[in-house]
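S.K.: could you look at this predicted model? Sequence included:
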Number of protein chains: 4
Amino acid sequence: MRPGQSRITTPRKESDTCKILSGVGQGSTLGTPIAVSVPNTDQRGNDYSEMALAYRPSHADATYDFKYGVRAVEGGGRSSARETIGRVAAGAVAKKLLKIQSATEVLAYVSRVHGVELPDDVVDHEKLTIEQIESNIVRCPDPVIAEEMIKAIDMVRLRGDSVGGVITCIARNVPRGLGSPVFDKLEAELAKGLMSLPATKGFEIGSGFSGSKMTGSEHNDEFYIDDSGNVRTRTNRSGGIQGGISNGETIVMRVAFKPTSTITTLQKTVTREGHETEFRARGRHDPCVVPRAVPMVEAMVALVLADQLLQHHAQCQLLRFDTNLPPANGEKGSENVTLEEAATRR
Amino acid sequence: MRPGQSRITTPRKESDTCKILSGVGQGSTLGTPIAVSVPNTDQRGNDYSEMALAYRPSHADATYDFKYGVRAVEGGGRSSARETIGRVAAGAVAKKLLKIQSATEVLAYVSRVHGVELPDDVVDHEKLTIEQIESNIVRCPDPVIAEEMIKAIDMVRLRGDSVGGVITCIARNVPRGLGSPVFDKLEAELAKGLMSLPATKGFEIGSGFSGSKMTGSEHNDEFYIDDSGNVRTRTNRSGGIQGGISNGETIVMRVAFKPTSTITTLQKTVTREGHETEFRARGRHDPCVVPRAVPMVEAMVALVLADQLLQHHAQCQLLRFDTNLPPANGEKGSENVTLEEAATRR
Amino acid sequence: MRPGQSRITTPRKESDTCKILSGVGQGSTLGTPIAVSVPNTDQRGNDYSEMALAYRPSHADATYDFKYGVRAVEGGGRSSARETIGRVAAGAVAKKLLKIQSATEVLAYVSRVHGVELPDDVVDHEKLTIEQIESNIVRCPDPVIAEEMIKAIDMVRLRGDSVGGVITCIARNVPRGLGSPVFDKLEAELAKGLMSLPATKGFEIGSGFSGSKMTGSEHNDEFYIDDSGNVRTRTNRSGGIQGGISNGETIVMRVAFKPTSTITTLQKTVTREGHETEFRARGRHDPCVVPRAVPMVEAMVALVLADQLLQHHAQCQLLRFDTNLPPANGEKGSENVTLEEAATRR
Amino acid sequence: MRPGQSRITTPRKESDTCKILSGVGQGSTLGTPIAVSVPNTDQRGNDYSEMALAYRPSHADATYDFKYGVRAVEGGGRSSARETIGRVAAGAVAKKLLKIQSATEVLAYVSRVHGVELPDDVVDHEKLTIEQIESNIVRCPDPVIAEEMIKAIDMVRLRGDSVGGVITCIARNVPRGLGSPVFDKLEAELAKGLMSLPATKGFEIGSGFSGSKMTGSEHNDEFYIDDSGNVRTRTNRSGGIQGGISNGETIVMRVAFKPTSTITTLQKTVTREGHETEFRARGRHDPCVVPRAVPMVEAMVALVLADQLLQHHAQCQLLRFDTNLPPANGEKGSENVTLEEAATRR
């Protein structure tokens, strides 16, 4: 997410020093909101001068202007991918909470760049490590395919063009029971979180679009009892979620990213005054966004899962397990109350 | 959505008589919530008796039990696709609001059943009509491909199996400016709405996953000025949304549906007591969900767009255009106030 | 809340048969929403005919018309106090949850009718019982003052007028820690809940308006350690809440109700067409709303406390106590993770 | 709100320099969130050292510790009244929006300090000006009573004690139709907003608690048609809100504040380890909070009204008036659609 990480990502140098403004003290969270400030240190305003004249194709320039009636060109405003630093910072807290609470791990990796693909089924999702992912600059756990991906990026980089790609994300050890029926199904929340990232064009859970080509007898995940006595499924085409609720299997998602809109090719466009013109980008930009988007994807998934964990805990863990509320000044409640008693008064 | 519509959908007969309980009077809405009741009339409880014993593979039986600690087997509880009737009823109101307010139209059709596909680029999305879609029982606007789809469904229907498919949905004449930066991008809201439908496994906007295989120079949508002086794009790989905000072009989405989980094939599964067993469905179910899911998809898209229209109107239309608020008992406000005046007091 | 309970309340007979439509099975909640239907059985439409012509003074007729541009006169629409039956039904569930979870009890009683007052300090809030409150038709736990209140109501009832009053509500054994800093303070949530009841004009917590006449040295609640080792306060002018968060002492609130707007006195008013006219009510209405409002007040307080309990549990009980989440298919999390580890990756 | 304003308020000097971080450019808002930073410049940490040892009576020390299990003593954490600067900053924007949009004005003043009261009915709420309020340090528009209030504060100030008070707030030219039925009544939203301010103990709208002592024939506000043809009420015991919705009359509220908890009198208290001890405050604090709370009250009322204005505009102004949505690329919608058409398809 931080630019300037390698030759295949944007050459801007942003050191990303985080200053925690609130919510943390003596090494732990205080229960109150955590605010983090990350100033931009390497902003060259004049790189953006031409943007002031013309809408950049496939950027948010035109739509922000349609919506708000103003143009705020410096750094792309809130449409700049720089905003994702807030997601990654919050995601670090969410990941820690998930790890402590339920040993849940979230890992993402690049599974396609342009035409170069790492098929999901050649990756062992149960054994995948962050070291494998971080072993190369494109963040693909297969070193051979990683090299091909880097070559594909280098090729468009040299001619000022860009390429798209796909990120696969898994979440292991997700507690059973996360998500809600109807509108707030777990896959719906994950889809919203991931499709809110810049440049995303598609989302899949489990079998995804390829599942639409299967029959029910091929697709269904049969249940069995594992050695620990847990209810498990032998296959995982459901992707860890059934009926909108996590089933304890690994959650598997794929997210499609379009090629970066900023390219140095000359493009036709218009000004906000309605004149047709041409535009060639000059700023510093990524030839391929997916390597840097890997931590963004992990962060959004961690944030969604942490939210769902809190909600599930609030609703479903309250009566069943909790006997540890701070004591009020009286005896604890007992189960010796019927719904009739509570309701009969009036 | 209503079962029993044709031989390729479920043979249960449900007349779906809606009773409006509140919110409508003298032919118009009253401003207060509209409640609609649709009783189930053809419920055969004993068809579900075996379900009480075993978790049906790839259904929500196990996960609901994990989450809530109870099993409510009649009709599948809230995981039954019958809940979508509420979405379609609400969607009818949303569609009408969109049509009156901005001539916005939402249309969906089946673009794949199993291996039979209607490529999006052979459909003219600007001229597509509901009559074309409704001209056959599979709801595919191409009559030849529709026949092949029906055959594909018939084939699995006869052997008690099921197939998945894809629905393409378009929204025409969507006002510019809908959606918000960062978390509530329009495509994120649409993804959540559609991925909350039962049996969905994937979502695409515009170029979708195929966009991830393109270069920026191929993918970018160049701007031009049309004959009416409007800012338009020549291509629409963005799918009508840029930077999370609608740009006035047709919104194009695709949703993947898995094959129906209920099949008459014998399957391995377990009971809630932890015993392995076998299960064969006997109820009445669809061999393919996509024809009946078409109105659900339209409804969810209409609901999301209507919500976004209200939000956009609240934020962005207030100061610019409104001079029609019911008069308070005094003069109207004037612009002769500076932010300094308002802020300087203390 | 149910009309027709005694001579001092409205003579309409409404049997209030509740039909539970969803969310409950085999004697317990299912985790999914509980819907309850209560049909009106004794609606005499023609009593409302004059209402169609003129705005009833101090009713919602005019404001609903201003807002929505329509008049829905039957039964007063959503401004009818009949809507409160939904609050009482939901409150019954909330009360049961509070009782089981933390032995929390919510009790309300009439502490003033017109000029007749039961001072709070003559009621022992720690020993107050529902039997004392329900021992008379005005729901005042002091039988002598109750008689005076009933006389005060009878006096206006005979001449077709109405009177206002005050309800005091206490919540005992509220867990410590409910409520949040800044905007969602516990007293703010309680104030909103209670001021959303029809006919309310004022809210007090603890010392209320009389507290504004005191000095800090008179008002502060000194802390001590009680026999069980708990931190307690000797006085309770804070009313059980400090800094927006419950402190374990009894929460004490007072709610002011205006006199019922419907009176048989001839009143000046206007029609929606803008003509001045006169109006005399003929329907069946309460001369004093407070006896019937007692269960509404209890219900709203129980609903607010139950919501806050869930929120508190989600945020503050997760990491400290919970070791009982349904197991995912792996080992449990451990504390051996530092924030640095979680954050350092990128 | 800013400390150090006069001898009757806290002697800390805080210059309150606001730095706008986002959302404003070229003198106008950009449509995106406005972030404002206000650093504390005069923080003397050691003044708070004793607080670390003992819970200050009637402060949030104990309850924050109960809730979060930690103590963050510097500056009182989020329970410090310093947080209200954010409310006042946001309120300045809300006031400007209200003024431009509907000429709505929000004014508050001190109407009681300890035993010294300015009765509401001697203030002409239609002619009240900010100059009258700001003409003295106690912010009471009556100069004679203001002097008495200042004396009352001086008296307790000299002996290290504090006093409470009441603030009256009015909103003039509020558009008709703000607020919603049932839970989100306008008075409920205002009550929540104001009861979320530090040190508040009571809220009244219109007749308030005194209304509970009246009869219906005394309390009802009769309607008439004014010279401009508007529906008006001759009296305003409703306080500008009927049935939860604004009626265009001036909204009148009163808020009770307890005496400041920080006093230099020796008080009994306990430590978090459970030992009884004594405590005497040494920091710099207000002997009376109400003069400085006046802008906080105005800000919260302005924020609630601005929110309600946006909501009302979204729901009720959409279909009736709007013909100015940015054009999509097609014809505008027409009214020639019946609900039947929209609903009949399936």
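M.R.: Sure thing, it's come through.

S.K.: can you pull the contacts of A:Gln26?
M.R.: D:Val70 (C-beta atoms under 8 Å, 6 or more residues apart in numbering or on different chains). No exception for glycine: its C-beta is placed from N, CA and C like everyone else's.

S.K.: could you do A:Gly115 as well?
M.R.: Applying C-beta under 8 Å, 6+ apart, the residues near A:Gly115 are A:152, B:213.

S.K.: per-residue pLDDT, it?
M.R.: At A:Gly115, the pLDDT value in this model is 96.

S.K.: give me the element the spatially most central residue of chain A is part of.
M.R.: Centrality entry for chain A: nearest residue to the mean C-alpha point is A:Val297, 2.5 Å, by C-alpha atoms, centre = their mean. Assigned by DSSP states H and E, A:Val297 belongs to helix A:290-316.

S.K.: distance of A:Leu128 relative to A:Asp120?
M.R.: 11 Å (C-beta to C-beta, to the nearest Å).

S.K.: start to end distance for stretch A:252-261?
M.R.: 28 Å (C-alpha to C-alpha, to the nearest Å).

S.K.: hang on, the earlier thing: residue contacts, the residue nearest to the centre of chain A?
M.R.: A:108, A:167, A:169, A:194, A:197, A:255 are the contacts of A:Val297 under C-beta under 8 Å, 6+ apart.

S.K.: repeat that with 10 Å
M.R.: A:87, A:91, A:106-110, A:167-169, A:193-194, A:197, A:200, A:253-255, A:257, A:290 (C-beta atoms under 10 Å, 6 or more residues apart in numbering or on different chains).

S.K.: next one: it from chain C, what distance?
M.R.: 12 Å (C-beta to the nearest C-beta, to the nearest Å).

S.K.: before we move on, what about A:Gly27?
M.R.: Taken as C-beta to the nearest C-beta, the span from A:Gly27 to chain C is 7 Å.

S.K.: burial measure for that residue, as a count.
M.R.: 8 (other C-beta atoms under 10 Å in any protein chain shown).

S.K.: and for A:Leu158?
M.R.: 9.

S.K.: now do A:Thr129
M.R.: The burial count for A:Thr129: 11, using other C-beta under 10 Å.

S.K.: where does it land on pLDDT?
M.R.: 97.

S.K.: how near is it to A:Glu105?
M.R.: A:Thr129 is 10 Å from A:Glu105, by C-beta to C-beta.

S.K.: what about the stretch 1-150 of chain A, any weak spots by pLDDT?
M.R.: The stretch 1-150 of chain A contains residues with pLDDT under 70 at A:1-5, A:9-15, A:42-52, A:72-76.

S.K.: what secondary structure does the residue nearest to A:Gln308 when sequence neighbours are not counted sit in?
M.R.: What sits nearest to A:Gln308 in space, not counting adjacent residues and going by C-beta to C-beta, 6 or more residues apart in numbering or on different chains, is A:Leu178, at 4.2 Å. For A:Leu178, the assignment made with DSSP: H, G, I helix; E, B strand; the rest coil gives coil.

S.K.: neighbours of A:Leu178, how many?
M.R.: 35.

S.K.: pLDDT score assigned to it?
M.R.: Reported pLDDT for A:Leu178: 97.

S.K.: now swap in A:Asp161 and tell me
M.R.: So, for A:Asp161, pLDDT stands at 95.

S.K.: how far away is the closest residue to chain D within the stretch 51-200 of chain A from chain C?
M.R.: Nearest residue of the stretch 51-200 of chain A to chain D, counting by C-beta to the nearest C-beta: A:Tyr68, 3.3 Å away. A:Tyr68 sits 26 Å away from chain C, going by C-beta to the nearest C-beta.

S.K.: now swap in A:Pro119 and tell me
M.R.: A:Pro119 is 24 Å from chain C, by C-beta to the nearest C-beta.

S.K.: what about that residue, how many residues close to it?
M.R.: A:Pro119: 11 neighbours (other C-beta under 10 Å).

S.K.: correct me, but it touches A:Cys140?
M.R.: No: counting by C-beta atoms under 10 Å, A:Pro119 stays clear of A:Cys140, with 11.9 Å between them.

S.K.: what is in contact with those two at once?
M.R.: With C-beta under 10 Å, 6+ apart, A:Pro119 and A:Cys140 have common neighbours A:111-112, A:168.

S.K.: would you convert the residues you listed into JSON lines that also reports distance to C:Asn136?
M.R.: Below are the shared contacts of A:Pro119 and A:Cys140 laid out as JSON lines (distance: C-beta to C-beta, whole Å):
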{"residue": "A:Ser111", "distance to C:Asn136": "74"}
{"residue": "A:Arg112", "distance to C:Asn136": "76"}
{"residue": "A:Thr168", "distance to C:Asn136": "70"}
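
S.K.: how about the residues of the stretch 1-150 of chain A near chain B?
M.R.: A:54-69, A:76-80, A:83-84, A:86-87, A:111-117 (C-beta under 10 Å from any C-beta of the partner chain).

S.K.: now, those that are in helices?
M.R.: Under the assignment DSSP state H, the residues of the stretch 1-150 of chain A next to chain B contribute A:61-68, A:84, A:86-87 to helices.

S.K.: and those, which is closest to D:Asn236?
M.R.: Closest to D:Asn236 out of those is A:Tyr68 (38.9 Å), distances taken as C-beta to C-beta.

S.K.: skipping its backbone neighbours, what lies nearest that closest one in space?
M.R.: With C-beta to C-beta, 6+ apart, the residue lying closest to A:Tyr68 is D:Gly31, at 3.3 Å.

S.K.: contacts only, for the one you found.
M.R.: D:Gly31 neighbours (C-beta under 10 Å, 6+ apart): A:64, A:67-70, A:72, A:77-78, B:177, B:180-181, B:315-316, D:23.

S.K.: which members of the residues you listed are classed as buried?
M.R.: A:64, A:67-68, A:72, A:77-78, B:177, B:180-181, B:315-316, D:23 (16 or more other C-beta atoms under 10 Å in any protein chain shown).

S.K.: please identify which pair of those residues lies farthest apart.
M.R.: So, those by C-beta to C-beta: farthest apart are B:Gly177 and D:Gly23, at 17.7 Å.

S.K.: quick check, A:Leu318 in contact with C:His313.
M.R.: Yes: assessed by C-beta under 10 Å, A:Leu318 is found in contact with C:His313 at 5.4 Å.
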